[in-house]
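S.K.: Coordinates for the following, if possible.
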Amino acid sequence: MRFSSKNKVTKIFLLSGSFVLVGLILWNTNSFFKTFKEEERLKMEIWATAQSEFLQSAENVDLGNLHLRVFQNNTTTPMILINKDSSIKVNNIPKEMASDSVYIAKKLKKFRAENTPIEIDQQGEHLATLYYGNSEVLNKLKYYPIALLLIIFLFGAVIYFLFKTNKASEQNKLWAGMAKETAHQIGTPLSSLLGWNQLLEEEDINPDITKEIKKDIDRLQTITERFSKIGSLPTLQPANIVEETREAFHYLKKRSSKLIHFSFVSSVAAVPVQLNPALYQWTIENLVKNGIDAMKGKGSIAIEVVPEGNRVNILVADTGHGIPKSNFNTIFNPGVTSKKRGWGLGLSLVKRIIEEYHGGKIKVQSSGREGTIMQISLKINKE
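M.R.: All right, here's what the predicted structure looks like:
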């Protein structure tokens, strides 16, 4: 698929701008987190200082009131104070858990990992150790970048989906318009050919000639029908997939080079499916022609119908040059082609006919030096 250099530059600019924007937001969030964490530690140091003064002057009522006010004003940061006599005081932790040694041990381990403990000393004497954890606000802020990235990702996904849907809609309208115009343009010479063939039938010529001309005219009518149906939902009807495949096979065999060896195999005579015969035969024609192009006009084409459970597989194999495994999925994208000429719409239309119109699946079953096998899978109609 070809893109203009201008589109590439625009996409690179937008992508780079997005990364820079996200990077700035994350950097700013991280800076805010660090600042907030430093402020919390400053508050803890103030509390530790008040606690130190209180422990040294327990009889001083004013210092006690100061300590009490500082202690009571902190309602968000969980704390564990271990005095030199091993007694424990807690703040913003359930009081009933203060006597649970296992719970306290877990909290102490967690607090050590989150913040460096504050040693409370007075005149060289160790009085207590303060362990504290992150406040609820700080914990929420810690996960903010993740939430922000998720929001940006979801927003980007929505934008991408809308862009892709809009682009696909525009392509569908373009293809449908071109197809219907092609069908309209074919109609005039086709009517003329029908008239000329009737005149030839009245002349004394070999009837086999007019019979073959009639087949090609019928084929042109089928092609016109195919193009006219693009852009609208086709009608499916009960059909025998074996017979429909065989019919497409014989038509292509008779009109292909003698250097191409054709073979058709089916282990059963009939497999009922819901089908639009005109579009299905178009699919087989596209796959066979791609195979012939890959073989450069010389090799073998094999078509096999294989029932498997509640589905039937149609395998189209050629002996041409293979498809790289990395391209197994991309070959069905519009505009992708290995040919010097062509728009790369054949396999895209094949995929749409099989998967969107018939509810089936199409894939590259295998590909290598010995050729490629394309697989169509359709649901068997058991009603």
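S.K.: Helices of this structure, start to end?
M.R.: 5-56, 61-73, 101-114, 136-142, 144-202, 207-229, 241-254, 277-294, 346-351 (DSSP state H).
S.K.: Out of those helices, the one nearest residue 88 is which?
M.R.: helix 101-114 (6.6 Å; Cβ to Cβ). (Each C-beta comes from the backbone N, C-alpha and C, glycine too.)
S.K.: So what touches that closest one?
M.R.: 78, 80, 88, 93, 97-98, 117, 131-134 (Cβ atoms under 8 Å, 6 or more residues apart in numbering).
S.K.: What are the buried residues along it?
M.R.: Residues of helix 101-114 classed as buried: 104, 107-108, 111 (neighbour count, 16 or more other Cβ atoms under 10 Å).
S.K.: and which of those residues is nearest to residue 270?
M.R.: Residue 270 has its nearest neighbour among those in residue 107, at 74.8 Å by Cβ to Cβ.
S.K.: Show the pLDDT at the closest one.
M.R.: We have a pLDDT of 88 for residue 107.
S.K.: what about it, distance to residue 94?
M.R.: Relative to residue 94, residue 107 is positioned 11 Å away (Cβ to Cβ, to the nearest Å).
S.K.: Residue 117 too?
M.R.: Between residue 117 and residue 94 the computed distance is 21 Å (Cβ to Cβ).
S.K.: Residue 217 too?
M.R.: For residue 217, the distance to residue 94 equals 90 Å [Cβ to Cβ].
S.K.: One more: residue 139?
M.R.: Relative to residue 94, residue 139 is positioned 17 Å away (Cβ to Cβ).
S.K.: so residue 249 touches residue 284, yeah?
M.R.: Yes. Using Cβ atoms under 8 Å, residue 249 is in contact with residue 284, at 7.2 Å.
S.K.: So residue 246 sits against residue 264, correct?
M.R.: Yes. With contacts counted by Cβ under 8 Å, residue 246 reaches residue 264, the gap being 6.0 Å.
S.K.: Which one's more surrounded, residue 117 and residue 94?
M.R.: residue 117 (16 against 10; other Cβ atoms under 10 Å).
S.K.: got a markdown table for the helices of the chain, with distance to residue 381 too?
M.R.: As requested, the helices of the chain are exported to a markdown table (distance: least, Cβ to Cβ, whole Å):
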| stretch | distance to residue 381 |
| --- | --- |
| helix 5-56 | 45 |
| helix 61-73 | 77 |
| helix 101-114 | 63 |
| helix 136-142 | 57 |
| helix 144-202 | 28 |
| helix 207-229 | 21 |
| helix 241-254 | 9 |
| helix 277-294 | 13 |
| helix 346-351 | 21 |
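S.K.: Of these, which is nearest residue 357?
M.R.: Closest among the helices of the chain, using Cβ to Cβ: helix 277-294, at 6.4 Å.
S.K.: now that closest one against helix 207-229, angle please.
M.R.: Between helix 277-294 and helix 207-229, the angle comes out at 100 degrees (axes from the mean of the first three to the mean of the last three Cα atoms, to 10 degrees).
S.K.: For helix 277-294, which helices and strands make contact with it?
M.R.: Under the contact criterion of 3 or more Cβ pairs under 8 Å, 6 or more residues apart in numbering; DSSP states H and E, helix 277-294 touches helix 207-229, strand 237-240, helix 241-254, strand 299-308, strand 311-318, helix 346-351, strand 371-379.
S.K.: Mind putting the ones you listed into a markdown table with mean neighbour count, mean pLDDT and distance to residue 190?
M.R.: As requested, the helices and strands packed on helix 277-294 are arranged in a markdown table below (neighbours: other Cβ atoms under 10 Å; pLDDT from 0 to 100; distance: least, Cβ to Cβ, whole Å):
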| stretch | mean neighbour count | mean pLDDT | distance to residue 190 |
| --- | --- | --- | --- |
| helix 207-229 | 15 | 76 | 5 |
| strand 237-240 | 14 | 94 | 24 |
| helix 241-254 | 18 | 91 | 17 |
| strand 299-308 | 18 | 94 | 28 |
| strand 311-318 | 21 | 95 | 28 |
| helix 346-351 | 20 | 83 | 21 |
| strand 371-379 | 21 | 94 | 29 |
